[in-house]
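Chemist: Sequence and computational prediction follow.
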Amino acid sequence: MSGFALFTAVLFNIVILLCLCSSEEDYNNNTTFPFVTNSQKFPWNKMRLPDNVSPVFYDLLIHPNLTSLDFTGIVKIMVEVKKDTHAIVLHSKNLKIIGSQIENTINGHLHVLEYPVFEQIALLSAELLKAGRRYVISLKYAANLSESFHGFYKSIYRTTKGELRVLAATQFEPTAARMAFPCFDEPAFKANFSIKIIRDIHHIAVSNMPKIKSIELGEGLIEDHFDVTVKMSTYLVAFIVSDFVSVSRKTDHGVKVSVYANPEKIDQAYYALEAAVKLLDFYEDYFNIPYPLPKQDLFAVPDFQSGAMENWGLTTYRESALLFNPKISSASDKLGITMIIAHELAHQWFGNLVTMEWWNDLWLNEGFAKFMEFVSVNVTNPELQVEDYFLGKCFEAMEVDALNSSHPVSTPVENPAQILEMFDDVSYEKGACILNMLRDFLTPEAFKLGIVRYLRRHSYGNTRNEDLWRSLTNVCDSDEQDEARFQENEFCSTSQKKSSAAKWYMQDELNVKEIMDTWTLQEGFPLITVTVQGREVHLHQERYLKSSDPTHATRFLWHVPLTYITSSSNTVHRFLLKTKTDVLFLPEEVEWVKFNAGMNGYYIVHYEGTGWDGLVKLLKKNHTALSSNDRASLINNAFQLVSIGKLPLEKALDLTLYLRNEREIMPVFQGLNELIPIYKLMEKRNMTDVENLMKKYIVNLFQDLIDKQSWTNDGSVSERLLRSSLLMFACVRQYKPCVEKAQSLFQNWKESGGNMSLPSDVALAVYSIGAQDPEGWDFLFEKYQQSLFTSVKSQIKIALCISRLTKKLKWLMEQSLQGDVVKTQDLPYVVVFVSKNPSGYKHAWEFLRTNWAQLVKKFDLGSNSIAHMVTGVTNQYSTKEMLEEVGVHGH
């Protein structure tokens, strides 16, 4: 560069920066704006984009090359200037900008500055861009297809003939649209998108909207044009180029639903199609808001990091989350696939139509979608009995939320790693559980009116926490969005006649925001201590915290919607606890009181004095006097109290004795979930004698129930899930009748060359026994490679991971990292399953340490995959030596 040219560039930069800065002193202060070259400063210094320019419309042309594994693109963005400026700052990551222009200015030139630290570029204009005007910026760029699972990335699969096929797919949530095209990559910058894709004649392209025309370009290339999208956030944009095929059906409301899959697996797409059609119709009716697009595609991507993604009109899934074979897939597969589809389709309203303003309120998307899974599937697929499993989600959330490391449901985040960390059990499961508690508190009718109002008020917009609470307050007051529906609603017309609880949702004294802020703006959950003295019930709340420092729990206070039943009344009574302590009065003295009826509340309960004795006595005498949810919650609460020293272990074990008579799925699952970790801890402390005694105790507890299980697929979904878990548990714990039956079935299956049909619900137990010797392990791995069915592959993969053959375990983790014979998307699950294996947990930890840099590059620091591996591998460690080792390598 000549001296004059350098001088001109510096002067140009100074003029622009002076226009951006609040004062000349800001510019002269070298710390205010970062240098991007020796001579130029970047005109912005925050992770969040400035609000002086907003996108209105994107016109995107993208051309992926599936041979050279790269792509080129041209994006034209119509922007609206809010404040006079010389610079437009937007996002771009790993894109090489090779051309830039701006329309509606004199010379049309834009100077591009890049600041990779913030994944931003600045487009500098010598001419002032004036507030109130619209301009069109045009950027030409090139990049490689991503080798990770986000951005515009490469995915591969093999045909049964061994041919390698490549496709290109997108995963933009939360901050990866910027890896596919320069954009304003924040959820509040909503815009319309026109997408065009150039592809090979042998491929197809799909995107959010239907294809409206195709143009032949010659040389075997086609340019597909897609209809303009509705107004939406960048993270919901999606496009895929592949050789996949589809099956389709229309909903009752006229929406075309299609499921796309690898051509050799398309016969496994019909269940997902049927489920999606039913669920989309349900949501349209439930929300009374039409689905705004003409089509909804569900696409089974061979390589996919999470379970699924809610891109508007083109939802994407792992193959295991979408493909189903009724002859081979298990009851668990059917339940899981239905719930995942329900989750993604709920997002078409919660998240897509109405979007959180920023990622701190991610729970408004994910908590609602998780909650609506259960509401919807309970209606569309009653045979799946989904209400049996909601409780387990709340227990999972509490495990995370009981730690010092937890965070509020709504919590400040700025950078991409922090944003990724929000995709956890607190945003999903806790979000769903506090919504369920609020629904129970307000009544389902009032809650539904409120959320429909919320969706109508904020359609195509962005929201914060308080917008939801405002919509759920005084739900029978109509406004312009409600179209006077609420006055005509039967609930609103009759609610004045309801019980005294009606004051909670009908009168001004109910402040939903005040109540729910205590659940969303602070981490953790309350432990309610109940002391019964005659007719008086003394209540005390504190934070439940697994910490050696109890002072951390003192500053917390919740508004807790308590519910309870007693030995004298199975009517659910209600009491809103707003203070640290309070007293309520019973009409008469009782033998027992059980708080948190049905476990609808997100809190646990400790019964002081003889409170636990009365409940233990009741369970042993007549356990069905309490609902299965109440029984499961007592088991959970008792062991949670043991872990913080509030209840002796003997008392909790005494309570579990009643499980000999238990037949319902949730209490049995909860009993296993609390008892198994006790001996798993002993495994890692080499306490063999005590460990074996504990195993024997658990097997004896459930022996009658195990012996009653048939080795078939008979029964309801809950009965089948229970059978699968019990037989797996019994075989792995070497219960002789179970092992002998599994060995016999495995031998027969192996002798048939793997062609004999095994009942899907017991296959995992059979495979797990077969994987314990080298010959059986190798045969299973061969079948894993050959199978086209993800459900079979998933079961075999688990069995391979729990083998005692340590060399095989190490080899399996290494193969998963390479991603050829075992896909890298499955690596987190492989590592965690190996870590649960007493023969493998040390190798899993060593693998994690050795390959840390590679894992972070593939899965992203802060991602749920990384968190799953770290917590999965270390959560059963209980010695000081292991704590120190983990601590050293954590730094």
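Modeler: Nice, thanks for sending it over. Residues are numbered from 1 along each chain as shown.
Chemist: Would you agree D297 falls within a strand?
Modeler: Yes: according to DSSP: H, G, I helix; E, B strand; the rest coil, D297 belongs to a strand.
Chemist: And for it, the neighbour number?
Modeler: When neighbours are defined as other CB atoms under 10 Å, D297 has 24 of them. All C-beta atoms are positioned from the backbone trio N, CA, C, and that covers glycine.
Chemist: Spit out the contact partners of it.
Modeler: Residues near D297 by CB atoms under 8 Å, 6 or more residues apart in numbering: 206, 246, 257-260, 313-315.
Chemist: Next one: it, what pLDDT does it get?
Modeler: Looking at D297, its pLDDT is 98.
Chemist: what secondary structure does the nearest residue to T806 once chain neighbours are set aside sit in?
Modeler: Take T806 and drop its neighbours on the chain: the residue closest to it by CB to CB, 6 or more residues apart in numbering is S839, 5.4 Å away. Taking three-state DSSP as the rule, one finds S839 in the coil state.
Chemist: Backbone dihedrals for S839, please?
Modeler: For S839, the backbone dihedrals are phi -90, psi -10 (criterion: degrees, to the nearest 10).
Chemist: I'd like the distance between it and A142.
Modeler: To A142, S839 is 49 Å away according to CB to CB, to the nearest Å.
Chemist: try K858
Modeler: Applying CB to CB, the value for K858 to A142 is 23 Å.
Chemist: of the two, who's got more company?
Modeler: More neighbours surround K858 than the other of K858 and A142, with 20 against 13 (other CB under 10 Å).
Chemist: ok, that one touching Y153?
Modeler: No: at 11.0 Å, K858 does not count as touching Y153 under the criterion of CB atoms under 8 Å.
Chemist: shared neighbours of these two, anything?
Modeler: Residues touching both K858 and Y153 by CB under 8 Å, 6+ apart: E147.
Chemist: picking that back up, kindly indicate the member of the contacts of D297 with the most neighbours.
Modeler: That'd be V259 among the contacts of D297, by other CB under 10 Å, with 29 neighbours.
Chemist: Need the contact partners of the host helix or strand of it.
Modeler: Element membership for V259, per DSSP states H and E: strand 256-261. The contact list for strand 256-261 (CB under 8 Å, 6+ apart) reads 206, 210, 240, 242, 244-251, 268-270, 272-273, 276-277, 280, 294-300, 319, 322-323.
Chemist: Go ahead and build a ChimeraX selection from the buried members of those.
Modeler: Buried residues within the contacts of strand 256-261, by 16 or more other CB atoms under 10 Å, are selected in ChimeraX with:
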select :206,240,242,244,245,246,251,268,269,270,272,273,276,277,280,295,296,297,298,299,300,319,322,323
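Chemist: got a list of what I98 touches?
Modeler: Per CB under 8 Å, 6+ apart, neighbours of I98: 140-142.
Chemist: Next: L657.
Modeler: Contacts of L657 by CB under 8 Å, 6+ apart are 620, 701.
Chemist: what do you get for G132?
Modeler: G132 makes contacts with 80-81, as judged by CB under 8 Å, 6+ apart.
Chemist: Tell me the secondary structure at it.
Modeler: Recorded secondary structure, G132: coil (three-state DSSP).
Chemist: End to end on stretch 241-259, go ahead and measure it.
Modeler: 15 Å (CA to CA, to the nearest Å).
Chemist: Can you read off the pLDDT for the residue found closest to P774 once you drop the neighbours it is linked to in the chain?
Modeler: Among residues not flanking P774 along the chain, L805 sits closest, at 6.2 Å (CB to CB, 6+ apart). The model reports L805 with a pLDDT of 95.
Chemist: same question, F7
Modeler: Value listed for F7 in the pLDDT field: 41.
Chemist: Do I have it right that P326 meets Y271?
Modeler: Yes: between P326 and Y271 there is a contact under CB under 8 Å: 6.9 Å.
Chemist: List phi and psi for S194.
Modeler: Dihedral angles (degrees, to the nearest 10) for S194: phi -110, psi 120.
Chemist: residue contacts, S100?
Modeler: 110-112, 123, 137-140.
Chemist: Can you tell me which of those are classed as buried?
Modeler: Here, 16+ other CB under 10 Å leaves 110-111, 123, 137-139 buried among the contacts of S100.
Chemist: Now render those residues as CSV, adding secondary structure.
Modeler: Putting those into CSV (three-state DSSP) gives the following:
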residue, secondary structure
L110, coil
H111, strand
L123, strand
I137, strand
S138, strand
L139, strand
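Chemist: Let's have those residues in JSON lines, adding pLDDT and distance to I419.
Modeler: Listed next are the buried ones among the contacts of S100 as JSON lines, based on pLDDT from 0 to 100; distance: CB to CB, whole Å:
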{"residue": "L110", "pLDDT": "95", "distance to I419": "29"}
{"residue": "H111", "pLDDT": "95", "distance to I419": "30"}
{"residue": "L123", "pLDDT": "97", "distance to I419": "24"}
{"residue": "I137", "pLDDT": "98", "distance to I419": "26"}
{"residue": "S138", "pLDDT": "98", "distance to I419": "29"}
{"residue": "L139", "pLDDT": "98", "distance to I419": "24"}
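Chemist: For these, name the two members farthest from one another.
Modeler: H111 and S138 (14.2 Å; CB to CB).
Chemist: about what we covered before: what's the closest of the contacts of I98 to L384?
Modeler: Nearest to L384 among the contacts of I98, with distances taken as CB to CB, is Y141, at 46.4 Å.
Chemist: partners of the closest one in the sheet?
Modeler: As for beta bridges, Y141 partners with G73, I97 under DSSP bridges.
Chemist: OK, contacts around it?
Modeler: Counted by CB under 8 Å, 6+ apart, Y141 has contacts 72-75, 92, 95-99, 181-182.
Chemist: got it, and T579?
Modeler: L557.
Chemist: Can you classify it as helix, strand or coil?
Modeler: Classified using three-state DSSP, T579 is coil.
Chemist: Please report how far it lies from D654.
Modeler: Here the criterion is CB to CB. By it, T579 lies 33 Å from D654.
Chemist: What of L545?
Modeler: L545 is 25 Å from D654, where distance means CB to CB.
Chemist: of these two, who's got more company?
Modeler: Neighbour tally, L545 and D654, criterion other CB under 10 Å: the higher count belongs to L545, 23 against 16.
Chemist: SS state for the more buried one?
Modeler: coil.
Chemist: try V75
Modeler: strand.
Chemist: mind checking pLDDT for it?
Modeler: Confidence score, pLDDT, at V75: 98.
Chemist: which residues sit in contact with it?
Modeler: 58-61, 138-139, 141, 181-183.
Chemist: secondary structure element for Y317?
Modeler: Assigned by DSSP H and E, Y317 falls in strand 314-318.
Chemist: Now do the buried residues in whichever helix or strand comes after that strand.
Modeler: Next helix or strand after strand 314-318 toward the C-terminus (DSSP H and E): helix 331-346. For helix 331-346, the buried set under the neighbour-count rule, 16+ other CB under 10 Å, comprises 331-346.
Chemist: Can you pull out the low-pLDDT segments for the chain?
Modeler: The chain contains residues with pLDDT under 70 at 1-31, 38, 477-509, 548-553, 876, 878-879, 886-891.
Chemist: one more time with 80
Modeler: 1-31, 37-39, 475-510, 547-554, 682-688, 862, 875-891 (pLDDT under 80).
Chemist: The stretch 1-150 of the chain: helices as residue ranges?
Modeler: Along the stretch 1-150 of the chain, the segments classed as helices by DSSP state H, counting those that start in this stretch run 3-20, 24-28.
Chemist: Let me fix that, I meant to ask about the stretch 751-891 of the chain.
Modeler: Going by DSSP H, counting those that start in this stretch, the stretch 751-891 of the chain shows helices at 760-770, 774-786, 790-801, 806-818, 827-835, 841-850, 852-859, 864-874, 880-890.
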